[in-house]
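*Asks:* Okay, sequence plus prediction incoming.
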Amino acid sequence: MKLKKLFTEHPASVKETYWQHLAVATIYSFKMIFAGLACFIHAIFPFLFVHTASNLVMMMAKHIEERQQRGSKHT
């Protein structure tokens, strides 16, 4: 497999360039870190961040599903 294909095949499957995919994945990673921290703080202080992590996870899941549908519509 050619090196370029390793970096472009998956992003193309969701109709993104390598750079677009990098940006989206980076945003997801920061949201996951934030959700994890909110979960940890919530574990210690149950009155804080009551819905933060679950709301972020649901929002990301919806966005991922929309991206997958967008990719499958064009293939």
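*Replies:* Yep, that arrived.

*Asks:* ok, then the element right after the helix or strand containing L22?
*Replies:* Assigned by DSSP states H and E, L22 belongs to helix 18-44. Note on helix 18-44: by DSSP H and E, the next helix or strand toward the C-terminus is helix 52-73.

*Asks:* what about the lowest-mean-pLDDT helix or strand in the chain, distance to the chain center?
*Replies:* Least confident helix or strand of the chain, by mean pLDDT, DSSP states H and E, is helix 52-73 with a mean of 86. How far helix 52-73 lies from its chain's middle: 7 Å, per Cα atoms, centre = their mean, to the nearest Å.

*Asks:* Just the buried residues of the helix holding L22, please?
*Replies:* 21, 24, 31, 35, 38, 42 (16 or more other Cβ atoms under 10 Å). C-beta here means a position set from N, CA and C on the backbone, and glycine is covered the same way.

*Asks:* if we can go back for a sec, for the least confident helix or strand of the chain, which helices and strands make contact with it?
*Replies:* Here helix 52-73 touches helix 18-44, going by 3 or more Cβ pairs under 8 Å, 6 or more residues apart in numbering; DSSP states H and E.

*Asks:* got the angle for the helix it packs on vs helix 52-73?
*Replies:* For helix 18-44 against helix 52-73, the angle by axes from the mean of the first three to the mean of the last three Cα atoms, to 10 degrees is 150 degrees.

*Asks:* Over helix 18-44, what's the mean pLDDT, rounded is fine.
*Replies:* Average pLDDT, helix 18-44: 95.

*Asks:* and if you look at stretch 7-14?
*Replies:* Here the mean pLDDT over stretch 7-14 is 90, rounded to a whole number.

*Asks:* does V14 really touch Q68, like I thought?
*Replies:* Yes: if you go by Cβ atoms under 8 Å, V14 and Q68 touch, sitting 6.8 Å apart.

*Asks:* neighbour-wise, which of those two wins?
*Replies:* Taking neighbours as other Cβ atoms under 10 Å, V14 and Q68 compare with V14 leading, 19 against 12.

*Asks:* Perfect, that will be all.
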